[in-house]
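In: A predicted structure for the sequence below; I have some questions about it.
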Amino acid sequence: MTNSREPLSIVTRPSNAVGNIMDWITPEHPLVFVRDGEGIVGIGELLRFEFRGEHRFTEAAAAWSELSRTSVVHDSVKRAGTGLVALGSLAFADSSDAVSVLIVPRLIIGSRDGIQWVTSVTLGEVGGLPGTADVLPSTPHKALGDPVHLSFAPGEMSPESFTSAVNKALREISKGSVAKIVIARDQNATLPADTDLRVPLEALADRYPDTFTFAVDGLIGSSPETLVRVHNGKVTARVLAGSAARGADRISDGRAAVTLAGSPKDQKEHALALASVMDALAPLCSELSAASSPFALQLPNLWHLATDIEGQLSELTSTLDLLSVLHPTAAVAGTPTLEAIRIIDELESFDRGRYAGPVGWVDSHGNGEWAVALRCAQVTGTRITAYAGAGIVAGSNAKHELAETGLKFRPIIDAFA
């Protein structure tokens with residue numbers, strides 16, 4: 001964990017000079033969490049908090065609470081995501097070697113509901129309150145680098161190993177101790193040393209505007225699943241489980257959506273994922289509701305069964321506190337969770353790292369948006385590792401699940417190809 005003895009000074013001002021928020025992403029170490037042109041972009045890294053192991057969520061929440069308590073904030077915009085903000089990404093498993101991070105940028109550029117702002121974060125007290133012009137770079141980073149053309153190869157979990165693991169998972173499910181197990185696999189490629197990571201980020205944001213496009217500490221992707229969102233005490237989430245390939249034309253595409261909605265296997269998988277989130281949030285909410293049946297969410301490459309959840313928190317609770325309650329959901333682990341994770345540890349031959357963990361942002365009031373890190377890849381130096389998984393329930397077919405992971409790889413493979 002990076003510490004400073006000096007308090008932080010944070011100044012947020014509205015700005016008319018932001019324009020397209022994606023233009024402000026830096027080429028080398030992008031920090032971004034956006035959806036449909038709105039969200040947060042960070043420039044520079046002022047503070048970095050690192051956590052590992054089973055207590056990573058509670059340690060992150062405690063560190064953020066202390067930093068928020070000691071920081072001096074001058075915020076004339078006063079919206080969720082203004083003032084002191086950190087972007088974060090946390091590991092999926094307690095046993096993971098991957099570091100979980102919270103990063104406080106030196107400069108934060110935000111856009112939401114037609115309002116745009118700039119936040120500067122400095123160590124020590126500011127002598128005078130700077131305006132937007134004092135901290136905003138004169139021009140955004142507009143000149144994109146050359147596109148990359150990567151070929152991904154199987155990683156530690158080969159296609160054959162994946163189908164074998166699925167069949168073993170089905171045998172565990174038949175024993176009755178677990179109803180669902182999520183099995184994932186990985187693919188690797190080598191990046192040119194001078195790769196401009198804004199290029200794949202722009203491709204993801206353009207092709208998947210309704211998902212969360214993110215980049216935090218080298219984890220890059222576009223996730224369709226909201227783990228949790230808190231804005232001034234209102235909590236929302238979107239549960240995804242059950243999927244099908246898009247059709248080749250309008251008729252076959254409509255048939256695919258109808259077939260998915262009527263699939264007992266996919267409905268069961270979705271119900272398990274929804275129940276895990278509702279059960280986790282219910283004790284913390286005075287009101288909590290979800291639709292009685294899921295809807296078919298249309299993405300460029302897939303149909304998903306989706307259910308939106310809304311509630312009102314009983315008391316002010318930081319989104320970081322909610323992460324430890326919600327993660328991992330049945331959508332990325334299984335049901336019951338502890339037994340599913342035990343089996344995953346036995347069947348998967350690789351460390352998921354921060355794949356399927358929470359990725360998002362939090363402000364000093366506890367507001368935040370966190371997605372499940374899906375449709376993503378980890379960039380470490382010139383190495384990139386992409387991830388995809390499938391939920392296995394009774395009735396699953398190993399070859400079909402392998403094909404499903406292939407579809408889920410497409411956003412990253414296309415963005416880098």
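Out: In hand now; what should we look at?
In: does residue 96 sit in a helix, a strand or a coil?
Out: coil (DSSP: H, G, I helix; E, B strand; the rest coil).
In: Nearest residue to it in space, please, no chain neighbours.
Out: residue 351 (5.4 Å; Cβ to Cβ, 6 or more residues apart in numbering). C-betas here are computed from N, CA, C, even on glycine.
In: hang on, isn't that neighbour packed against residue 155?
Out: No. Residue 351 lies out of contact with residue 155 (Cβ atoms under 8 Å); the separation is 10.8 Å.
In: can you tell me the distance between the two ends of stretch 101-115?
Out: 28 Å (Cα to Cα, to the nearest Å).
In: Please state the offset of it from the chain centre?
Out: With Cα atoms, centre = their mean, to the nearest Å as the basis, stretch 101-115 stands 16 Å off its chain's centre.
In: Name the residues of that stretch that come out as buried.
Out: 101-112 (16 or more other Cβ atoms under 10 Å).
In: Would you convert those into TSV that also reports pLDDT?
Out: As requested, the buried residues of stretch 101-115 are arranged in TSV below (pLDDT from 0 to 100):
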residue	pLDDT
101	98
102	98
103	98
104	98
105	97
106	95
107	95
108	96
109	96
110	96
111	96
112	93
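In: Redo these as a markdown table? Include secondary structure.
Out: Shown next, in a markdown table, are the buried residues of stretch 101-115 (three-state DSSP):
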| residue | secondary structure |
| --- | --- |
| 101 | strand |
| 102 | strand |
| 103 | strand |
| 104 | strand |
| 105 | coil |
| 106 | coil |
| 107 | strand |
| 108 | strand |
| 109 | strand |
| 110 | strand |
| 111 | strand |
| 112 | strand |
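In: tell me the secondary structure for the residue nearest to residue 96?
Out: With three-state DSSP as the criterion, residue 351 reads coil.
In: ok, it - contacts?
Out: Residues counted as contacts of residue 351 (Cβ atoms under 8 Å, 6 or more residues apart in numbering) are 93, 96-98.
In: try residue 33
Out: 39-40, 87, 212-214, 216, 359-361, 369, 371.
In: what do you get if the cut-off is 6 Å, keeping everything else the same?
Out: Contacts of residue 33 were listed using Cβ atoms under 6 Å, 6 or more residues apart in numbering, and they are 39-40, 214, 360-361.
In: Look up phi and psi at it.
Out: Dihedral pair for residue 33: phi -150, psi 100, per degrees, to the nearest 10.
In: gap between it and residue 253?
Out: Distance of residue 33 to residue 253, computed by Cβ to Cβ, to the nearest Å: 30 Å.
In: Off-centre distance for the helix or strand in which residue 11 is found?
Out: Element membership for residue 11 (DSSP states H and E) is strand 8-14. Once both centres are worked out by Cα atoms, centre = their mean, strand 8-14 turns out to sit 26 Å from its chain's centre.
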